[in-house]
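**Student:** Got a predicted structure plus its sequence, pasted below:
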Amino acid sequence: MAALQPILKIEDLWVSVEGKDILKGVNLTINPGEVHAIMGRNGSGKSTLSYTLMGHPRYHINRGSILFKGEEIGDLTPDERAKKGLALAFQYPVAIPGVSVSNFLRASVKAVRGKEIPVKEFRQELKQQMALLEVKDEFLSRYINDGFSGGEKKRLEILQMTLLKPALAVLDETDSGLDIDALKVVSTGINTLATKETAILLITHYQRILNYVKPDFVHVFQSGQIVKTGGSELSEELEERGYDWVTQELTPSGVA
């Protein structure tokens, strides 16, 4: 049997922003169907990793490689990465007054799939996903994130993901600003995304979303590196003990 090709393979990735090193040798492999959670303090480099994966021009790769489905994507533009099956849900989605949610979603799906979607087919698919995320019909006529609550913004991010059907969905602190009801609904959408073909990279501060989205692997980020990896039980230990104990564990070996 042929070896399984990872969806994502990051090797010794060093990234700087405005001349300052942020990522300092990240190594990470994600296979189809896996759910990975990255946890860490503010400023540890978690969001830098997500923006680097999506190709944000501010983030400069100094060393290392990013292989997506076996292809080096370090020089690809964000839209080229999206068409290959990579998607990012932002921590702070921006408002775009004048552009309706409905038009935005249809244009996004067309751009990523590379073909026009018949209106009837698109509406049927859209309605199905809206029901899953408890999104009302009037949502479609509103302007993107204009006057949206935090929960509405995150639901729109996940709604877009379910329509785009990426091979890898990167979720940058999607649980930020959500009340418990919105968290449960958004988590349902994330779990729908996680199929045998689609992998999830979930970036978060807190363990609470991992009560609803069960990760196969949990990675602790610190000073621009993954310093500890475990199963879902690691998130519970972090919730109980905080991040200091990880630092204390690493200090004798000279890693921290």
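**Tutor:** Perfect, I can see it now.
**Student:** Residue 30: what's it in contact with?
**Tutor:** For residue 30, the contacting residues are 6, 7, 8, 9, 36, 168, 199, 201, taking C-beta atoms under 8 Å, 6 or more residues apart in numbering as the criterion. For the C-beta atoms, the positions are set from N, CA and C on the backbone; glycine is no exception.
**Student:** List the ones among these that fall in helices.
**Tutor:** The helices, defined by DSSP state H, take in nothing from these.
**Student:** which one of those is nearest residue 214?
**Tutor:** Distances from residue 214 to the contacts of residue 30, taken as C-beta to C-beta, are shortest for residue 36 (11.5 Å).
**Student:** Burial check on the closest one, number of neighbours?
**Tutor:** Applying other C-beta atoms under 10 Å, we find 22 other residues in the vicinity of residue 36.
**Student:** repeat for residue 114
**Tutor:** Using other C-beta under 10 Å, residue 114 is surrounded by 7 other residues.
**Student:** I'd say it and residue 85 touch.
**Tutor:** No: with contact defined as C-beta atoms under 8 Å, residue 114 does not reach residue 85; the gap is 11.8 Å.
**Student:** Could you list the low-confidence segments of the stretch 1-150 of the chain?
**Tutor:** Per-residue confidence for the stretch 1-150 of the chain (pLDDT under 70) gives these ranges: 1-3.
**Student:** Pull the contacting residues for residue 130.
**Tutor:** Taking C-beta under 8 Å, 6+ apart as the criterion, residue 130 is in contact with 136, 137, 139, 159.
**Student:** Which pair of those residues spans the longest distance?
**Tutor:** Of all pairs drawn from the contacts of residue 130, the widest gap by C-beta to C-beta lies between 137 and 159 and measures 12.8 Å.
**Student:** Can you tell me how far residue 39 is from residue 207?
**Tutor:** From residue 39 across to residue 207, the span is 8 Å (C-beta to C-beta, to the nearest Å).
**Student:** Overlap of the contact sets of these two?
**Tutor:** Overlap between the neighbourhoods of residue 39 and residue 207 consists of 235, 238, taking contacts as C-beta under 8 Å, 6+ apart.
**Student:** Those two: which is more packed in?
**Tutor:** Neighbour totals were compared for residue 39 and residue 207, and residue 39 leads with 26 against 18 (other C-beta under 10 Å).
**Student:** Just to check, the more buried one is in contact with residue 221?
**Tutor:** Yes: taking C-beta under 8 Å as the contact criterion, residue 39 and residue 221 are neighbours in contact, 6.9 Å apart.
**Student:** hmm, back to that, adding neighbour count, write the contacts of residue 130 out as a markdown table.
**Tutor:** Below are the contacts of residue 130 laid out as a markdown table (neighbours: other C-beta atoms under 10 Å):
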| residue | neighbour count |
| --- | --- |
| 136 | 7 |
| 137 | 9 |
| 139 | 17 |
| 159 | 21 |
